[in-house]
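K.L.:
Just the structure for this:
(2 chains)
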Amino acid sequence: MSTLREKFLSFRVYRFSDREAYGEIYDLFADRIRRFLVFKLPRSEDADELASEVFLRGWEYMSSSAVNNLNAFFFRIARNLIADFYRRYKPTDGIELAEQMDDGTSVEEGVATKIAGDELMEMLRTLKDEYREVLVMRYLSEMEVGEIASALEKTPNSVRVLLHRAKKALQEKVDRT
Amino acid sequence: MNKIAAQLRSMKDHKTAGGFSVEEKLVAKRALITAIGGSLEEAQESSIRTNYLLWISRMFISRPVAIGVAGFVLAGSGLMTTVNAAQESLPGDMLYSVKRINERAQIQLASLDRRAVLHTEFAERRLREVERLQENSVTRNSSLVTDAMNSYTQEVASANQSLRALQASGNASTLATANEVDQNLSTLGSTMTGAVTPVTSAEGSAAVTEAKNTTQVAQEDVVTVAVEAHEEETEDVSSKDLQDMFIRQFGSITTRKEFDLHRIAVIRTSLEDHSSVLSSLGIVTETDLARLERSINIAIADVAPAMDAFSAGGYRSAFDTLKHADSVLRGIEATIAEAETAITDALMTSEIPVLQVQDMKE
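P.N.:
Below you'll find the model as predicted:
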């Protein structure tokens, strides 16, 4: 369910095509949508591109139709765009990996960062899709269980079960290293 | 496992965790707002916080109080008293919700041929509300004016939709209803020019423009419906309604001719009386004014054959001729209005006494 403020912003966008209100909606959802995309797509540039597309499509729809649950709405657009992305996607692994590494950080910095956090993030990336989704939403985007449930179109109970299993799976990977 | 959750939480600002930095988010937001046709600076200047408070107060104070009051009055005095009490309410008043609910109920209960007319009657109420809101210094520039203007536009658009629905149902009274709707829309068009004073906010001004455009489009659409309905009629009883519409539009165009020529005469007099101030500005020349007068006369001369065409049964071409003359006059009127504004501004900024400037405005 949307909060009162989200309902108001949604109403302003639908009724008055209010760009300021849409800007506030962007502030509320941009971060969680980008995180969701970053863990689904091969490169962060792809995530940025798709995040912009999510909010452009959101504007087109919301300025002509009423939306009740913004959380579910934006995640649904994001999932559809991810599906489109992979339909068109032609991997060029070696080149892409090299491009990803070449982001201006020094070798020393890279090593230090990896020790500090990359490893855990990499393990997270190797988890099953549904485990990764709930962990990213719950702990990185700090979403409530109810919000995750609406975003994934599941019940809160099944989200709790998924979270439990996902944490266990990640813990096992960490323990094995 | 709580340890893994804590570890993940501590990683949320890590660069590989997918979040935006403040700068990245601002850049992305700016790009988005530009892509949807706005600007971040413009967005930051507007008053969404005030609107939010107003919305909250309407949702959680005015509306529940209105319902409570309505319930109380209903219990004590019966339905009609409540409805009557709400009739004079304005947007923002406690009983305004009762008034709108009553209107929606009337629309729902009305037969198809009454709905379009009812929508135009409610549109007129919205205009009166705008007028009364603008009379009050507190509400003059508030979002309530914009809301009422938008409600007006919705009512006019709904009138159009209802008329189309009536036509699609093949109802025999389509033409008579179209005639009545056309009559109401003509009144609304002229009421709007007189009643609505310029709105200062960009949002309000956009709402007024939208309202004017919607009214014009609705009028054109009503004529189309009327002519189509007449063509489908096998009996000639419908000619009277169509004739009424034609005469009304014909009369409106010839009246506008006189009014526009008078406006040009006033501009000419002002240019002569204040030539010391205005001649150097080159706002409008005598040649321009003469050309405008000529264009008006040509447009009106073109209208004359419309009457013959109508008498001969060429309804479509007769209305098309009126429509063409109407659009020519609109163009001329826009030029006249620009000249009037420029002259008024020039006189205001010069040392001409205010009284004379007001004469010009009149």
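K.L.:
Report the secondary structure element holding the most centrally placed residue in chain A.
P.N.:
By Cα atoms, centre = their mean, the mean C-alpha position of chain A lies nearest to A:F36, the distance being 1.3 Å. Assigned by DSSP states H and E, A:F36 belongs to helix A:19-38.
K.L.:
quick one: contacts for the residue nearest to the centre of chain A?
P.N.:
A:F75, A:A78, A:E133, A:V136, A:M137, A:S141, B:G18 (Cβ atoms under 8 Å, 6 or more residues apart in numbering or on different chains). Where C-beta positions appear, they are placed from N, C-alpha and C, glycine not excepted.
K.L.:
if you set the cut-off to 6 Å instead, what comes out?
P.N.:
Contact analysis of A:F36 by Cβ atoms under 6 Å, 6 or more residues apart in numbering or on different chains lists A:A78.
K.L.:
Helices of chain A, start to end?
P.N.:
With DSSP state H as the criterion, chain A has helices at A:4-16, A:19-38, A:44-62, A:70-88, A:93-101, A:107-113, A:119-126, A:129-135, A:145-152, A:156-176.
K.L.:
Where among those is average confidence lowest?
P.N.:
If you rank the helices of chain A by mean pLDDT, helix A:107-113 sits at the bottom with a mean of 41.
K.L.:
What's the local residue count around residue 84?
P.N.:
Looking at chain A here, since you left the chain open. Burial of A:D84 is recorded as 12 neighbouring residues (other Cβ atoms under 10 Å in any protein chain shown).
K.L.:
You answered for a different chain; I wanted chain B.
P.N.:
12.
K.L.:
any idea which helix or strand carries it?
P.N.:
Assigned by DSSP H and E, B:N84 belongs to helix B:79-87.
K.L.:
residues near the closest residue to B:K25 other than its chain neighbours, how many?
P.N.:
Closest residue in space to B:K25, ignoring its immediate chain neighbours: A:A30 at 6.0 Å, by Cβ to Cβ, 6 or more residues apart in numbering or on different chains. Residues near A:A30, counting by other Cβ under 10 Å, number 22.
K.L.:
Could you dump the helices of chain A into TSV with distance to B:M348 added?
P.N.:
TSV is the format used below for these (distance: least, Cβ to Cβ, whole Å):
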stretch	distance to B:M348
helix A:4-16	33
helix A:19-38	33
helix A:44-62	41
helix A:70-88	49
helix A:93-101	63
helix A:107-113	65
helix A:119-126	66
helix A:129-135	64
helix A:145-152	57
helix A:156-176	65
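K.L.:
Pick the most deeply packed of the ones you listed.
P.N.:
Mean neighbour count (mean count of other Cβ atoms under 10 Å in any protein chain shown) peaks for helix A:19-38 among the helices of chain A, with a mean of 22.
K.L.:
Spatially nearest residue to A:F39 (excluding sequence neighbours)?
P.N.:
A:V136 (5.2 Å).
K.L.:
what's the spacing between the one you found and A:L4?
P.N.:
In this view, A:V136 and A:L4 are 27 Å apart by Cβ to Cβ, to the nearest Å.
K.L.:
And B:G37, by the same measure?
P.N.:
Relative to A:L4, B:G37 is positioned 27 Å away (criterion: Cβ to Cβ).
K.L.:
again, but for B:D182
P.N.:
B:D182 is 43 Å from A:L4, by Cβ to Cβ.
K.L.:
pLDDT of the helix holding B:N84, averaged?
P.N.:
Here the average pLDDT along helix B:79-87 is 69.
K.L.:
Which other helices and strands does the next helix or strand after that helix contact?
P.N.:
Next along the chain after helix B:79-87, taking DSSP H and E as the criterion, comes helix B:96-109. Contact analysis of helix B:96-109 by 3 or more Cβ pairs under 6 Å, 6 or more residues apart in numbering or on different chains; DSSP states H and E lists helix B:63-77, helix B:79-87, helix B:112-135 as its packing neighbours.
K.L.:
Please repeat the previous calculation with a cut-off of 10 Å.
P.N.:
In terms of contacts (3 or more Cβ pairs under 10 Å, 6 or more residues apart in numbering or on different chains; DSSP states H and E), helix B:96-109 is packed against helix B:63-77, helix B:79-87, helix B:112-135, helix B:143-168.
K.L.:
closest one to B:A342 among the ones you listed?
P.N.:
Among the helices and strands packed on helix B:96-109, helix B:112-135 comes nearest to B:A342, with 25.3 Å by Cβ to Cβ.
K.L.:
Mind checking if that closest one is in reach of chain A?
P.N.:
No - counting by Cβ under 10 Å from any Cβ of the partner chain, chain A is not contacted by helix B:112-135; separation bottoms out at 15.0 Å.
K.L.:
re the thing from before, Provide a list of residues in contact with the residue nearest to A:F39.
P.N.:
By Cβ atoms under 10 Å, 6 or more residues apart in numbering or on different chains, the contact set of A:V136 is A:32, A:35-36, A:38-40, A:121, A:124-125, A:127, A:143, A:148, A:166, B:8, B:12, B:17-18.
K.L.:
let's see it at 8 Å
P.N.:
A:R35, A:F36, A:F39, A:L124, B:G18.
K.L.:
Distance to B:I61 added to these, as CSV?
P.N.:
Formatted as CSV, the contacts of A:V136 follow (distance: Cβ to Cβ, whole Å):
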residue, distance to B:I61
A:R35, 38
A:F36, 38
A:F39, 44
A:L124, 47
B:G18, 41
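K.L.:
Check these and tell me the two furthest apart.
P.N.:
A:F36 and A:L124 (12.8 Å).
K.L.:
about what we covered before: isn't the residue nearest to B:K25 right next to B:V27, touching?
P.N.:
No - applying Cβ atoms under 8 Å, one finds A:A30 not in contact with B:V27, separated by 11.4 Å.
K.L.:
So, low pLDDT: which residues of the stretch 101-250 of chain B?
P.N.:
For the stretch 101-250 of chain B, the stretches flagged by pLDDT under 70 are B:141, B:194-201, B:232-239.
K.L.:
Return the residues of it in contact with chain A.
P.N.:
B:T146, B:N150, B:E203 (Cβ under 8 Å from any Cβ of the partner chain).
K.L.:
can you redo those residues as CSV with neighbour count and distance to B:H274?
P.N.:
Listed next are those as CSV, based on neighbours: other Cβ atoms under 10 Å in any protein chain shown; distance: Cβ to Cβ, whole Å:
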residue, neighbour count, distance to B:H274
B:T146, 24, 37
B:N150, 20, 40
B:E203, 18, 36
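K.L.:
List just the nearest of those to A:Y22.
P.N.:
Taking those together and measuring to A:Y22 by Cβ to Cβ, the closest member is B:E203, at 14.4 Å.
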